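**Student:** here's my sequence, what's the structure:
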Amino acid sequence: MSGVEVVWGDARRRSTRSRRFGVGARGPRLPPLPSPRSIAVLDGGLPAWVAAGLPTEDGPPPAVDAAAAAAAPPASPRYPASLDPALVRTLAQMRANVTAAADAVVDARPRGRFEGTAPEPRPGLPSGHIPRSASLPASDLLADGRLKPAAEVRGALEAAGWSEEGPNVATCGSGVTASILAWAASVTGLSDRVAVYDGSWSEWGGRGDTPKEEGVGTQ
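**Tutor:** A predicted model of the protein is given here:
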């Protein structure tokens, strides 16, 4: 994989298998890079790496001598980053979509939280969902911690309302797990241009001036 940087999330600190990818899938999107094809997400994350018998290290990373690093920059790639506004949705844009319904919004949280039948993990935050959004838990796209076959994943994304034409928007609890859906859309060839609502339910659900719904949502 010459010229490709690999990122993943560490499942040892996560409570669900979908979180293995949450941080890793978010990496290539923070911020969008001029060459996204140069970054890959390790399918299965660190557990897959360990299961394959590949080497790991413990302890803190080596200390960096700032003066020496400035004098001799590391050989690893440097990515000049620039924000692509089309890949991010703001609170104002999500408000407008409740009326306009221009974006196909899909929520990656567990279905109970989306439907309002299970509590949110954040104290004081109600469960439910953004009006005109559909539910597709990120965990539904995974099997044994890895992405399911591409045809099955793409079918699930399309059934939730996404299309090649878009615009497609992913949301979740805090803007991390939503990136799994965006990554899956890219891997399956459905779309490389899925936007993420960065504030997600933590922002929307935590406000008193945003409309909220319970139940199955958009079908």
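**Student:** show me the helices in the protein, by range?
**Tutor:** For the chain, helices defined by DSSP state H occupy the ranges 19-26, 45-51, 66-71, 91-100, 111-115, 150-159, 178-187, 200-204.
**Student:** give the rounded mean pLDDT of the third one.
**Tutor:** Same thing as helix 66-71. For helix 66-71, mean pLDDT rounds to 75.
**Student:** elements contacting it?
**Tutor:** Applying 3 or more CB pairs under 8 Å, 6 or more residues apart in numbering; DSSP states H and E, we find helix 66-71 packed against no helix or strand. Placement of C-beta: from N, CA and C, glycine included.
**Student:** the helices of the chain: which one's closest to Val194?
**Tutor:** helix 178-187 (3.9 Å; CB to CB).
**Student:** what's the angle between the closest one and helix 150-159?
**Tutor:** Using axes from the mean of the first three to the mean of the last three CA atoms, to 10 degrees, the inter-axis angle of helix 178-187 relative to helix 150-159 is 120 degrees.
**Student:** now helix 178-187: how far from the chain's centre is it?
**Tutor:** On the basis of CA atoms, centre = their mean, to the nearest Å, helix 178-187 is displaced by 6 Å from the centre of the chain it belongs to.
**Student:** which helices and strands sit right next to that helix?
**Tutor:** Under the contact criterion of 3+ CB pairs under 8 Å, 6+ apart, helix 178-187 touches helix 19-26, helix 150-159, strand 168-171, strand 195-197.
**Student:** now for the shortest one, which elements pack on it?
**Tutor:** Which is strand 195-197. strand 88-89, strand 168-171, helix 178-187.
**Student:** what does the second one rub up against?
**Tutor:** Contacting residues not belonging to strand 168-171 are listed as 89, 94, 97, 103-108, 130, 133, 162, 178-179, 181-182, 185, 191, 193-197, 200-201, 204 [CB atoms under 8 Å, 6 or more residues apart in numbering].
**Student:** quick one: pLDDT of Pro34?
**Tutor:** Note on Pro34: pLDDT of 43.
**Student:** if we can go back for a sec, out of the helices of the chain, the one nearest Ala143 is which?
**Tutor:** helix 150-159 (9.1 Å).
**Student:** quick one: low-confidence residue ranges for this protein.
**Tutor:** The model of the chain has pLDDT under 70 over residues 1-39, 73-80, 219.
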